[in-house]
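Novice: fold the following for me, if possible:
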Amino acid sequence: DTKGGGFFSSLGQMGATASAPELPPITFDDKGKQLGRFTGKKICCSCPDTKGKRDECVVQNGEPNCVDFITAHKDCLRKEGFTIA
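Specialist: Got it, this is the predicted structure:
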């Protein structure tokens, strides 16, 4: 009987009332550059460890050979609250 609902119809309702945690608003400095949602840092000052490793790899090996370092830096920036493509 498909009218009575049953197990599969209730699956679509599971978690329907749960909401994602609210993120802090995106803020910008006086020159219009986005700041990290969680730290308030400019993007150039965020994630210095991953940034340094990424930059060193790109200089020594070329960008196509540094995907892991680039991805790690992007992940770090996202964790800081930046919107990264």
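Novice: all helices for the chain, in order.
Specialist: 6-11, 48-61, 67-80 (DSSP state H).
Novice: would TSV of these with mean pLDDT be doable?
Specialist: TSV is the format used below for the helices of the chain (pLDDT from 0 to 100):
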stretch	mean pLDDT
helix 6-11	47
helix 48-61	97
helix 67-80	96
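Novice: nearest to Thr27, out of the ones you listed?
Specialist: Closest to Thr27 of those is helix 67-80 (CB to CB; 12.3 Å). Every residue, glycine included, has its C-beta placed from N, CA and C.
Novice: restrict that closest one to CA atoms and write it as CSV.
Specialist: Extracted C-alpha coordinates of helix 67-80, given in CSV (Å, rounded to 0.1, in the frame of the first residue of the first chain):
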residue,chain,number,x,y,z
VAL,A,67,47.8,19.3,-6.7
ASP,A,68,47.9,17.8,-3.1
PHE,A,69,49.5,20.9,-1.7
ILE,A,70,47.1,23.2,-3.6
THR,A,71,44.1,21.2,-2.4
ALA,A,72,45.4,21.2,1.2
HIS,A,73,45.7,25.0,1.1
LYS,A,74,42.3,25.5,-0.3
ASP,A,75,40.8,23.2,2.4
CYS,A,76,42.6,25.2,5.0
LEU,A,77,41.2,28.5,3.6
ARG,A,78,37.7,27.0,3.6
LYS,A,79,38.1,26.1,7.2
GLU,A,80,39.0,29.7,7.9
